[in-house]
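A.B. asks: okay, sequence plus prediction incoming.
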Amino acid sequence: MSILRTENLSKVFISRKGIIKSENVVALDNVNIELNEKELIGVVGASGSGKSTLAKTLVFLYKPTTGNIYFGDENITKYKSRKIKKYRKNIQMVFQDPYASLDPNHTVEWHVKRPLILIKYKGDINERVNELLDMVTLNPPEYYRNKFPHQLSGGQRQRVYLARALAVEPSILIADEPVSMLDVSVRIGILNLLKNIRDILDLSIIYITHDLNTVSMITDRIYVMHDGKIVEEGNTNTIIKNPTNLYTRELIEAAPNPYKRI
Amino acid sequence: MNRSLFKNSTVNGISFKFNKIIKPLKILLTNNKAKVGFIILTGMMVFGVLGQFLAPYNPNRYEFVRSMPPSYSHLLGTTVYGQDVFSQLFYGAAPTLLVGFSVGIIGTFISIFVGISAGFASERVNNIVTGIINIFLIIPGVLLIMLFGSYFLGIHQSLGYLPTILILVITGWAFGARTFRSITLSIAKRDFILSSMLIGESRLSIIFRQIIRAIFPVIISNFFFTAMYGTMGLTFVEYLGVGNLLQVNWGTMLYWAINNEAYLTGLWWWILPPSFMISILMFSFILLNFGMDEIGNPSLRRFNSKKNKKGDLNEHTEN
């Protein structure tokens, strides 16, 4: 049963060049993706292929030009501000750059507390903050609560951000290149965390990346994007082993392999 | 039992609020330049307040020997009209400071309101408000003041402090609003603001909790610049003679001193003190501006800079 589905989703940016002349940039071109409940899917593509635009369109930071988005059975494309707010309680996004996604003027505690206050969490908020920090393996929570973002490492920040997103208790999480700004050794930790969270909280996760290595580790299905189009989709293993599309093949060739020399 | 609990909580509340004021101040005072500026400004304020009560003579009375050089009984000598210069300087500090600060505070509030709402609203509102800001930006303040001043002179009334403040605010807020607008525009697109929108914060909450915090150093620096504009504006108004010349402040002192050619007749004790005080005041505003960055941006703060006086660690932040 699909929880989130797009139907011929397109996004066109108009960039003005002078007064009359303008140029259309097609970022998404008839994209159809489907996310099932408790599934972890990957969206792979090079830079500029429209991955981040897709993520931002799904959380309504951009408005789609044409096409529809379905949440469950409901068509949510035409939602206005109040309904969007309601919808966003179900879907959260982790940003690419953990150095920019946390407010430098506020502590870790504030970041996790605000969403709890906003969803009017019934229980003890302090305890819940500790619980969330514990869940994203920031131990002990008391040590991290009063830290400012600049006192944390990149991996720690991404964990804090994950705790902030999970505090909303969403059913869908969109992770937009959550590990590409991080150290290779830290990546595995975050990826394991994503997988564990999916298992514990029954989340559906869209994992967006340019890195085929990490995608094959955790995802069930992948979509390969190129120039705003989905060029290939299917089970992760079959695609990695037998790519049918030329672009996918190139992408797999280009993936770093410690035993390969140019 | 209940009562003691209640009492405790209020005490905590007060000390918490107290902390909110004291903590930024402490951070501010770790910077040496800001410390000097702060000391000068506090000194000026104390000087101004004391001047209202402790001026040795009535600054408006013409009762002494004329053009007397500084002596023990007249610390800064007397004017051509036989007024005591020190009393005038002492008494005139408060109005000068008050006009400067009120222009700074009111002007900054207006520019925060207009600038942030322009930067964070939809594009159409942004365009309209930017247009309004631009119109106000090109109104020449001093000319407007002279216009109003001569109008007031024409109806045989003089321009008091309140109209002066009003005109200075009207002509002075636009620059700050323009700055705030552009900063807000750039901050509103950052990830941490987008993240707050995703989490469901309202726009007002984002403005008060995050944007104002992020642009706080600019707000303070804008306050000092607007206050500077206010002080300079008052001085200028009085110096041009369109204000009420019977009011005693540093601007009117300069007006009388220059109109009586104090610099040619050798009455240095009449013209130097007010000029000196005004420049020192401006200087303290500028010095204070330097320390503001560290309040607004926690990652610039230096921790424990006093404890390890020898160490090179001074230069590093805590991380």
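C.D. replies: Right, received. Where do you want to start? Numbering: from 1, shown residues only, chains lettered A, B, ... in the order given.
A.B. asks: report how many residues lie close to A:Leu132.
C.D. replies: A total of 22 residues lie near A:Leu132 under the criterion other C-beta atoms under 10 Å in any protein chain shown. In short, each C-beta sits where N, CA and C put it, glycine included.
A.B. asks: repeat that for B:Glu63.
C.D. replies: Neighbour tally, B:Glu63, other C-beta under 10 Å: 11.
A.B. asks: who are the contact partners of it?
C.D. replies: B:57, B:82 (C-beta atoms under 8 Å, 6 or more residues apart in numbering or on different chains).
A.B. asks: what are the ranges of the helices in the stretch 201-319 of chain B?
C.D. replies: With DSSP state H, counting those that start in this stretch applied, the stretch 201-319 of chain B shows helices at B:203-206, B:212-214, B:216-240, B:250-259, B:268-296, listed in chain order.
A.B. asks: near chain B, which residues of the stretch 101-250 of chain A?
C.D. replies: A:101-106, A:114-115, A:118-119, A:148, A:150-151, A:161, A:164-165, A:168 (C-beta under 8 Å from any C-beta of the partner chain).
A.B. asks: change it to 7 Å
C.D. replies: A:101-105, A:114-115, A:118, A:148, A:150-151, A:168 (C-beta under 7 Å from any C-beta of the partner chain).
A.B. asks: which of the residues you listed fall in helices?
C.D. replies: Using DSSP state H, the members of those that fall in helices are A:114-115, A:118.
A.B. asks: B:Asn289: which of those residues is nearest?
C.D. replies: Nearest to B:Asn289 out of these is A:Arg114 (C-beta to C-beta; 31.4 Å).
A.B. asks: what's the spacing between the closest one and A:Lys56?
C.D. replies: 21 Å (C-beta to C-beta, to the nearest Å).
A.B. asks: and what of B:Phe136?
C.D. replies: B:Phe136 is 36 Å from A:Lys56, by C-beta to C-beta.
A.B. asks: cool, and A:Gly234?
C.D. replies: 25 Å.
A.B. asks: again with A:Arg261
C.D. replies: From A:Arg261 to A:Lys56 the distance is 38 Å (C-beta to C-beta).
A.B. asks: so which of those two has more stuff around it?
C.D. replies: Neighbours were counted for A:Arg261 and for A:Lys56 using other C-beta under 10 Å; A:Lys56 has more, 19 against 4.
A.B. asks: so the more buried one sits against A:Tyr62, correct?
C.D. replies: Yes: with contact defined as C-beta atoms under 7 Å, A:Lys56 counts as touching A:Tyr62 (4.8 Å).
A.B. asks: for the helix or strand in which A:Val112 is found, buried residues please.
C.D. replies: Using DSSP states H and E, A:Val112 falls within helix A:108-118. With burial defined by 16 or more other C-beta atoms under 10 Å in any protein chain shown, the residues of helix A:108-118 counted as buried are A:108-116, A:118.
A.B. asks: repeat for stretch B:200-213
C.D. replies: In stretch B:200-213, the ones that count as buried by 16+ other C-beta under 10 Å are B:200-201, B:206-207, B:209-212.
A.B. asks: over it, what's the mean pLDDT, rounded is fine.
C.D. replies: What stretch B:200-213 shows for mean pLDDT is 87.
A.B. asks: ok, that stretch near chain A or not?
C.D. replies: Yes: under the criterion of C-beta under 7 Å from any C-beta, stretch B:200-213 makes contact with chain A via B:200-201, B:210, B:213.
A.B. asks: per-residue confidence at residue 169?
C.D. replies: No chain was given, so I picked chain A. 88.
A.B. asks: not quite, I wanted chain B
C.D. replies: Looking at B:Val169, its pLDDT reads 90.
A.B. asks: A:Ser15 contacts A:Glu23, doesn't it?
C.D. replies: Yes: the pair A:Ser15 / A:Glu23 is scored as a contact, 5.2 Å apart, by C-beta under 7 Å.
A.B. asks: quick one: low-confidence parts of the chain?
C.D. replies: No chain specified, so I'll use chain A. Applying pLDDT under 70 to chain A flags residues A:262.
A.B. asks: should've been chain B
C.D. replies: Those would be B:1-21, B:293-319, if you go by pLDDT under 70 across chain B.
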